[in-house]
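Q: Quick check, what structure comes out for this input:
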Amino acid sequence: MLGLPSESAVTSSRSPTHESRARASAFTASIAVSEAVEVVHGAVDAPVFLTCEHASQRLPPGWVWPEPDLRLVDTHWAYDLGAREITLALARELGASAVLARFTRLLADPNRDPAHDDMFRALADGEPVLLNTGLEEADKQRRIDLYHRPYHEALDAALTRVNKPLLFSVHSFTPLYEGVPREVELGVLFNQDEDDALALGNTLSKHFARVAYNEPWSGRSGLIYAAERHATTYGLRALELEVRQDLAVDPAYRARLVPVLVDFFRSLRGVG
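A: Just a heads-up that it's a prediction; the model follows:
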């Protein structure tokens, strides 16, 4: 088990009593933090590589929330509530590497192609996002250069250190989106890797009541951009998990979910 603190660059130690100590004994994990990204370097042979594109609502130095945009702080528009906690818990239990963004998705969305219409979101709940109103091309490029590109470069660099894992992106979604309630608890998003998605969905369905595929968004519509982009580059399989946010922020729910995911990922290589 890896000890992973929040926002510091440290070397961590393992719990000597955890069942994974034999697998983890050959390494210690380090966390590197920059303006754009937080990288957990885990075991080379971990069965999964984790990403979390919407881990933070941090607005970096040089930008200030316009007062009308403060309505978006602490909401799903700014980041994916609970996703960072799930990602770090999985990294800790599996000894896995993880890459997490350290900037709000409203500044630049690392889970979108730079050419995507929502790269710099214009509207939220039908009202303008003033942070992104009237952006000139030079402003857009600056955000890409400082945050979007470094995030993906860090992901590339970390992937060169590991052995062909499943690339797994962790996200969360609001239970009420633009007035429409969502009953799904967990969504397994995929594009190419349907067999892996069905296996994960089947496992989750044994423990949770409302599991769906490509809900509330579809991986076949380009909405697992980060995972799919890097999986394609490195010849990996890619999935994304969406957890409803009222559940993702509940420590008791996470305590149920994480062990199920851990057992699934360990089964991919017949370990644990």
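
Q: what residues are up against P216?
A: Contacts for P216 (Cβ atoms under 8 Å, 6 or more residues apart in numbering) come out as 173, 177, 182, 184, 187, 242. Bear in mind the C-beta positions are built from the backbone N, C-alpha and C, glycine included.

Q: among the residues you listed, which are in strands?
A: Counting by DSSP state E, the part of the contacts of P216 found in strands is 173, 177, 187, 242.

Q: and the closest residue to the last one other than its chain neighbours, how far is that from F103?
A: Translated: E242. With Cβ to Cβ, 6 or more residues apart in numbering as the criterion, E242 has its nearest non-adjacent residue at 3.7 Å, and that residue is G187. According to Cβ to Cβ, to the nearest Å, G187 stands 24 Å off from F103.

Q: What of P216?
A: Counting by Cβ to Cβ, the gap from P216 to F103 is 23 Å.

Q: ok, back up a step: which of the contacts of P216 lies closest to A124?
A: Y177 (11.0 Å; Cβ to Cβ).

Q: What residues of the helix ranked longest in the chain count as buried?
A: The longest helix of the chain (DSSP state H) is helix 251-267. Within helix 251-267, the residues that count as buried by 16 or more other Cβ atoms under 10 Å are 253-254, 257-258, 260-262, 264-266.

Q: Residues in contact with that helix: which ones?
A: With Cβ under 8 Å, 6+ apart, helix 251-267 has contacts from 47-48, 82, 85-86, 89-90, 93-94, 96, 166, 168, 186, 199-200, 203-204, 207-208, 241, 243, 247-248, 272.

Q: do that again at 7 Å, thanks
A: 47-48, 85-86, 89-90, 93-94, 200, 203-204, 207, 247, 272 (Cβ atoms under 7 Å, 6 or more residues apart in numbering).

Q: do stretch 34-41 as well
A: By Cβ under 7 Å, 6+ apart, stretch 34-41 touches 4, 29-32, 60, 91, 97-103, 146-147, 150-151, 154, 158, 161.

Q: can you tell me which residues contact the closest residue to V243 other than its chain neighbours?
A: Using Cβ to Cβ, 6+ apart and skipping residues adjacent in sequence, the residue nearest V243 is S172, 4.7 Å away. Neighbouring residues of S172 by Cβ under 7 Å, 6+ apart: 80-83, 242-245, 248.
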